[in-house]
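1. Need the 3D shape of this:
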Amino acid sequence: MIIYVDADACPVKEEVYKVARRVGCDVFLVANSFIRTPAEPRIKFVLVDAGADIADDWIADRAILGDVVITNDIPLAARALEKGAEAISPTAKVFTADMIGSALATRGLMEHLRSFGEITTGPKPFSPKDRSAFLSALDAAINRARKKAG
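-> Numbering: from 1, shown residues only. As a prediction, the model looks like this:
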């Protein structure tokens, strides 16, 4: 099992390290700018070129059944699910095959509204409660991934 983190704006990296150490799995943090990571053999940083979806492509090309992908990017979550990986957001949202289609449609609608100058709200500030919810969601995702992988 590998945990892949879409790491550019991920607020839960420390929580990922903690869980990965406990369960004994590798972590790949993928970003297009340098991120300081612990000097541990199971925690790896991957620097990709700048550009739209390059980090997402790197993760989607490697994630397989039994892996976990952490991202806020709905299209990346959809690609991970297609490969059999689990996908969750840093805010503990669990992406599933049942809901990913409507999530993609909503994302497209919001992009369309923004293109016409419609003002939309951004995400709420990240809280300690969000960190706790993420830890629970990550544990559950790891358990689901392990069951899938056999």
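2. what about the longest helix anywhere in the chain, distance to the chain center?
-> Determined from DSSP state H, the single longest helix within the chain is helix 128-149. Mean-position distance between helix 128-149 and its chain equals 12 Å (CA atoms, centre = their mean, to the nearest Å).
3. buried set for that helix?
-> Buried residues in helix 128-149, counting neighbours by 16 or more other CB atoms under 10 Å, are found at Asp130, Arg131, Phe134, Leu135, Ala137, Leu138, Ala141, Ile142, Arg144, Ala145. For every residue, glycine as well, the C-beta is placed using N, CA and C.
4. Tell me the one among those nearest to Lys83.
-> Using CB to CB, Ala145 comes nearest to Lys83 of those, at 11.7 Å.
5. Pull the contacting residues for the closest one.
-> For Ala145, the contact set (CB atoms under 8 Å, 6 or more residues apart in numbering) comprises Met1, Leu65, Gly66, Asp67, Val68, Ala85, Glu86.
6. Give me the subset of those that lies in strands.
-> Of the contacts of Ala145, the ones assigned to strands by DSSP state E are Val68, Glu86.
7. Between which two of the contacts of Ala145 is the distance greatest?
-> Among the contacts of Ala145, Leu65 and Val68 lie farthest apart (CB to CB), at 11.1 Å.
8. which one of those two has more residues nearby?
-> Val68 (27 against 13; other CB atoms under 10 Å).
9. how far out from the middle of the chain is stretch 62-80?
-> 6 Å.
10. After whatever helix or strand Glu14 lives in, which helix or strand is next? Please name it.
-> Per DSSP states H and E, Glu14 falls inside helix 13-23. Using DSSP H and E, the next helix or strand after helix 13-23 towards the C-terminus is strand 26-31.
11. what helix or strand is Tyr4 on?
-> Assigned by DSSP H and E, Tyr4 falls in strand 2-6.
12. Please name the strands paired to that strand in the sheet, noting orientation.
-> strand 26-31 (parallel), strand 68-70 (parallel) (DSSP bridges).
13. Excluding covalently adjacent residues, which one is nearest to the residue positioned nearest the centre of the chain?
-> Among the residues of the chain, the one closest to the centroid is Ile70, at 1.7 Å (CA atoms, centre = their mean). Nearest residue to Ile70 in three dimensions, chain neighbours excluded: Val5, at 4.7 Å (CB to CB, 6 or more residues apart in numbering).
14. what's the spacing between the one you found and Ala140?
-> 17 Å (CB to CB, to the nearest Å).
15. Cheers, nothing more for now.
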